[in-house]
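Engineer: Dropping the sequence and predicted coords here.
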Amino acid sequence: MVCHCLAEPPAEQYVSTALSSRKKAAPSQKPVFLQPLTSCSVPHGEVARFHALVSGTPTPVISWFHNRQPVLPTKNVVFHYDELTSTATLIVVDAFPEHAGQYTCRATNLAGEAVCSATLDITEARREEEGMAEEETS
């Protein structure tokens, strides 16, 4: 799996003052979630995904939080912001009970910020539930 983490944009390149004086600044637009996160429930050990569609000018910087604590990328938790589709994604590759809770996506730029949250519930693994159902009917 390829993971792309959001990095700081590169420093502005050299621009001649003659060119920059003619250039009009693009209007800033506060980030807005066009499609906020949706709560989900997944079995223990399965993949959990959160997606949000966010718009803003300049391109917003995306931050993720789990139970109000910053989410750091690990081998089990990855996140990515696709500038082409304006989609922020967080994936929990192998969901455990400690991954349950509230996830918050924050989008910030020079014009402001927007926040949306959703909840992840972890249920017992399907195999265990099926095994229990078979034992109950025996």
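Structural biologist: Yep, that arrived.
Engineer: which secondary element of the chain has the worst mean pLDDT?
Structural biologist: helix 17-22 (a mean of 49; mean pLDDT, DSSP states H and E).
Engineer: Which helix or strand lies directly C-terminal to that helix?
Structural biologist: Counting by DSSP states H and E, the next helix or strand C-terminal to helix 17-22 is strand 29-35.
Engineer: Touching that next one from outside, list them.
Structural biologist: Contacts to strand 29-35, defined as CB atoms under 8 Å, 6 or more residues apart in numbering, come from residues 51-57, 60, 86, 105, 107-109, 111-114, 116. Just so you know, the C-beta spots here come from the backbone N, C-alpha and C atoms, and that holds for glycine as well.
Engineer: Just the buried ones among these, please.
Structural biologist: 51-52, 54-56, 60, 86, 105, 107-109, 114, 116 (16 or more other CB atoms under 10 Å).
Engineer: Look at residue 59 and say how many residues are nearby.
Structural biologist: Neighbours of residue 59 under the rule other CB atoms under 10 Å: 16.
Engineer: sec struct for it, please.
Structural biologist: Classification of residue 59 using DSSP: H, G, I helix; E, B strand; the rest coil returns coil.
Engineer: mind listing the strands for this protein?
Structural biologist: For the chain, applying DSSP state E gives strands covering 29-35, 40-43, 48-57, 61-66, 69-70, 77-82, 87-92, 101-109, 112-123.
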